[in-house]
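Asker: give me coordinates for this.
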Amino acid sequence: MKISAAGVAILPTMLSLVLLRRQAAVAAFTSSSSSSAASSSSVGVGVSSHRHALALFAPQTLSSPAKSYHSTSLAAEATTSGGGGRVSAAKMDADILKKTSSDSKNASAKQSSSPKLETNPPKGTRDFYPQDMRLRTWLFDQWRTVARTYGFAEYDAPVLESESLYTRKAGEEVTQQLYNFVDKGGRNVALRPEMTPSLARMVMSKKGGLPMPLKWYSIPQCWRYERMTRGRRREHFQWNMDIWGIAGVEAEAELLSAMVTFFDSVGLTSDDVGIKVNSRLVIGEVLTELGIPEEKFAATCVLVDKLEKVPIDAIQDDLEELGLSREVVE
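Answerer: Numbering: from 1, shown residues only. Take a look at the predicted model:
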């Protein structure tokens, strides 16, 4: 709240009114007539409201006479109960102070016994303070600018999806990396670990009603409950650009061009980053020569993808189950 110049000017006048009404209240206190009692009660309520207004606007202007009048008005209200005035709670219950103190002590005891608030975010997550948000917003703006330059439209999907959307893709073992749970309606749900299954669900739900080719992009927040490494947490944001409806390599060439455009826009060159291109057909031929059957192709690709993220010793047993020896992998 702010006080205008006019408000400051009338404060002395208001204080004078308080002092005048104090004299009226004292006179009413010594009078036994019912009309005087009703008048003193009205004065007490009115002046109390003025006092609270003064405390809110300019507490430093309250002087000792105003404080003493506030006490006098309460006394006047208490002594006029016989004539129909308001009765104070202190008059009705002499032990109210003890009860109030006891309640306060009990409340303090309950607060002290409550668990201590954890100020750190859950493991694998992070807070974004304003300075961090400025950097994140700048980066996301760079992604959006490049995507729009290449004619991509932004989309989004719920961060909470059906668990089956991911277990159908890569088997039940993927649930080991999911933040999954049963909701209050008994449904198996999970926080999305990636965006592609959600995109496929959205496209399929339109039953061929979307115009092709489809060029969409997104910047989703994803979750994976996995071992954390340097620069890799359990929550992350990623920039997705997807093209549907083009069978040739033109789509891949456009996406590579968009990636290079982004790197140039933020000042990164080939001295800073490199681009690796993979092909499902090529890796399929390699795995076939190594004797990996078709039914184990997807599981093998998942492990191969992990080789650059975790030490080979961490997945050695899984590789051997698929028939891959350490020598072959190395």
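
Asker: mind listing the strands in the chain by residue range?
Answerer: Taking DSSP state E, the strands of the chain run over residues 153-154, 160-162, 179-182, 188-191, 214-218, 221-223, 235-237, 240-244.

Asker: could you dump these to JSON lines with distance to D313 and mean pLDDT?
Answerer: The C-beta positions use only the backbone N, C-alpha and C, and glycine is treated the same way. Output for the strands of the chain, formatted as JSON lines (distance: least, Cβ to Cβ, whole Å; pLDDT from 0 to 100):
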{"stretch": "strand 153-154", "distance to D313": "41", "mean pLDDT": "98"}
{"stretch": "strand 160-162", "distance to D313": "33", "mean pLDDT": "96"}
{"stretch": "strand 179-182", "distance to D313": "26", "mean pLDDT": "93"}
{"stretch": "strand 188-191", "distance to D313": "29", "mean pLDDT": "95"}
{"stretch": "strand 214-218", "distance to D313": "35", "mean pLDDT": "97"}
{"stretch": "strand 221-223", "distance to D313": "26", "mean pLDDT": "94"}
{"stretch": "strand 235-237", "distance to D313": "25", "mean pLDDT": "93"}
{"stretch": "strand 240-244", "distance to D313": "32", "mean pLDDT": "97"}
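
Asker: export those strands to a markdown table and tack on distance to E118?
Answerer: As requested, the strands of the chain are exported to a markdown table (distance: least, Cβ to Cβ, whole Å):
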| stretch | distance to E118 |
| --- | --- |
| strand 153-154 | 35 |
| strand 160-162 | 23 |
| strand 179-182 | 18 |
| strand 188-191 | 20 |
| strand 214-218 | 32 |
| strand 221-223 | 19 |
| strand 235-237 | 17 |
| strand 240-244 | 33 |
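
Asker: got TSV for these, with distance to S270 and mean neighbour count too?
Answerer: Listed next are the strands of the chain as TSV, based on distance: least, Cβ to Cβ, whole Å; neighbours: other Cβ atoms under 10 Å:
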stretch	distance to S270	mean neighbour count
strand 153-154	29	12
strand 160-162	38	16
strand 179-182	37	15
strand 188-191	36	19
strand 214-218	24	19
strand 221-223	28	17
strand 235-237	25	15
strand 240-244	21	18
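
Asker: ok, which of those strands comes nearest D317?
Answerer: Counting by Cβ to Cβ, D317 lies closest to strand 179-182 out of the strands of the chain; the figure is 23.9 Å.

Asker: may I have the strands that pair with that closest one, each with its orientation?
Answerer: Partners of strand 179-182 in the sheet, by DSSP bridges, are strand 188-191 (antiparallel).

Asker: could you find the closest non-adjacent residue to I246?
Answerer: Distances taken as Cβ to Cβ, 6 or more residues apart in numbering put P213 closest to I246, at 5.0 Å, once the chain neighbours are dropped.
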